[in-house]
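Asks: heads up, no residue letters with this:
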């Protein structure tokens, strides 16, 4: 399965404590996430090789993961280094947990299950949502996770879709009185696609908007289950300028990062990057929460939940060309998880 060669987000970094492991799930593989004495994050199969108990039920002792069933302890490489029932026993190299590759980026833990990597974790330093935490010109914030009963590709496709704004997000990102979608441009890229010139009339495009405005979007698919949008509303419609001397305009970028838990189950995070340094985390997260909670019931209603890659399976118009291009990209890449 080609998806095992991709990097996927599985948890927020701050949720992995120093002394307790965290259970996760990726591509129907149960995971245990934990930190060693150097605070390096690890992702292993959540199964003790001794009697199959969940390692996530254990704890971290002196930088080693201890199984909660018989107390077997494993070092950071996955090798068993102590069996309490046999204090003098030296476990051989074959006594080890199954370890996967893991790394931290954008406030999330990313895991790759097997094979030669096809992509790094989505990385575009020229895009605001992917710039470093040390970039003082932009504020970074994670929203989520959201557990959604649908496939990851359905969620990406919804993220790329502007035609639903006036109906699902009426009074927020759109209005039923202005639902026409102007023509826009879509091109394939090495990581997916880029859609430019995307425009929408929005009553409230962000937390500070006080009047409706024409907003221009750029969308980019940066990996099979990740995408990012940037938007630049008219600053004349803002209640007040952002508290940031480095930027005279309100800018906002939103990255969508999805963990494909199962073919029809996904976990979603959004990473915000913006020039708003005045609003509280709660206010910014509440706005994003409102928008996604409007999307969620629609996403979970779509049938089939697995995105059809045969373009004849559903109807399309020119307003859907970003999503049509996304489906072609997944098919050419050989993606099989969450599609039909």
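Replies: Yep, it's here. Values in this document were obtained by computation on a predicted structure and should not be read as measured data. Numbers count the residues shown, from 1 in each chain.

Asks: from now on I want contacts and neighbour counts done on CA atoms only, so please keep to that.
Replies: Fine.

Asks: how about the strands in the stretch 101-250 of the chain?
Replies: 108-112, 139-148, 185-188, 193-202, 213-223, 226-232 (DSSP state E, counting those that start in this stretch).

Asks: just how off-centre is the helix or strand following the last one within its chain?
Replies: Using DSSP states H and E, the helix or strand that follows strand 226-232 in sequence is strand 252-262. A distance of 2 Å separates the centroid of the chain from that of strand 252-262, by C-alpha atoms, centre = their mean, to the nearest Å.

Asks: run through who's touching strand 252-262.
Replies: Under the criterion C-alpha atoms under 8 Å, 6 or more residues apart in numbering, residues 8-10, 25-28, 127-130, 151-152, 156, 159, 225-232, 266-275, 337-338 lie in contact with strand 252-262.

Asks: partner strands of that strand, with direction?
Replies: Paired neighbours of strand 252-262 in the sheet (DSSP bridges): strand 226-232 (antiparallel), strand 265-274 (antiparallel).

Asks: now the angle from it to strand 108-112?
Replies: Orientation check (axes from the mean of the first three to the mean of the last three C-alpha atoms, to 10 degrees): strand 252-262 against strand 108-112 gives 40 degrees.

Asks: next, the angle from strand 252-262 to strand 213-223.
Replies: 40 degrees.

Asks: can you turn the buried part of the contacts of strand 252-262 into a PyMOL selection?
Replies: Here is the PyMOL command that selects the buried residues among the contacts of strand 252-262 (16 or more other C-alpha atoms under 10 Å):
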select buried, resi 8+9+10+25+26+27+127+128+129+130+151+152+156+159+225+226+227+228+229+230+231+232+266+267+268+269+270+271+272+273+274+275+337+338
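
Asks: which element follows the helix with the most length in the chain toward the C-terminus?
Replies: Ranked by number of residues, the top helix in the chain under DSSP state H is helix 281-301. With elements assigned by DSSP H and E, the helix or strand that comes after helix 281-301 is helix 321-333.

Asks: go through that following helix and flag the buried ones.
Replies: Neighbour-count burial for helix 321-333 [16+ other C-alpha under 10 Å]: 321-331.

Asks: and stretch 88-99, by the same measure?
Replies: Quick answer for stretch 88-99 (16+ other C-alpha under 10 Å): 96-99.

Asks: try stretch 29-40
Replies: Buried residues in stretch 29-40 (16+ other C-alpha under 10 Å): 30-36.

Asks: same thing with stretch 195-204?
Replies: Buried residues in stretch 195-204 (16+ other C-alpha under 10 Å): 195-196, 198-204.

Asks: quick one, which of these has the minimum pLDDT?
Replies: On pLDDT alone, residue 204 ranks lowest of those, at 71.

Asks: so who does that residue touch?
Replies: If you count contacts by C-alpha under 8 Å, 6+ apart, residue 204 has them with 171-174, 210-213.

Asks: mind putting the strands paired with strand 252-262 in TSV, mean pLDDT and distance to residue 45 included?
Replies: Shown next, in TSV, are these (pLDDT from 0 to 100; distance: least, C-alpha to C-alpha, whole Å):
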stretch	mean pLDDT	distance to residue 45
strand 226-232	89	24
strand 265-274	95	19
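
Asks: how about the ones you listed in JSON lines, adding distance to residue 114?
Replies: Converted to JSON lines, the strands paired with strand 252-262 look like this (distance: least, C-alpha to C-alpha, whole Å):
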{"stretch": "strand 226-232", "distance to residue 114": "19"}
{"stretch": "strand 265-274", "distance to residue 114": "20"}
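
Asks: can you pull out the low-pLDDT segments for the stretch 1-150 of the chain?
Replies: 123-126, 131-136 (pLDDT under 70).

Asks: still on that earlier bit, max pairwise distance over the buried residues of stretch 88-99: which two?
Replies: Taking C-alpha to C-alpha, the two most distant members of those are 96 and 99; they sit 8.7 Å apart.

Asks: and for the two, which residues touch both?
Replies: residue 78.

Asks: so what's residue 22 bridging to?
Replies: Counting by DSSP bridges, residue 22 forms beta bridges with residue 33.

Asks: so who does it touch?
Replies: Contact analysis of residue 22 by C-alpha under 8 Å, 6+ apart lists 15-16, 32-34, 56.

Asks: center of this protein - which residue?
Replies: The residue lying closest to the centre of the chain (C-alpha atoms, centre = their mean) is residue 257, at 1.4 Å.

Asks: give me the distance between it and residue 119.
Replies: Counting by C-alpha to C-alpha, to the nearest Å, the gap from residue 257 to residue 119 is 14 Å.

Asks: try residue 264
Replies: Going from residue 264 to residue 119 by C-alpha to C-alpha gives 23 Å.

Asks: quick one, which of the two is more surrounded?
Replies: The neighbour count for residue 264 versus residue 119, taken as other C-alpha atoms under 10 Å, is higher for residue 264 (21 against 15).

Asks: surely the more buried one meets residue 306?
Replies: Yes. Assessed by C-alpha atoms under 8 Å, residue 264 is found in contact with residue 306 at 6.4 Å.

Asks: now for these two: what residues contact both?
Replies: 150-151, 338.

Asks: got CSV for those residues, with distance to residue 165 too?
Replies: Below are the shared contacts of residue 264 and residue 306 laid out as CSV (distance: C-alpha to C-alpha, whole Å):
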residue, distance to residue 165
150, 20
151, 21
338, 24
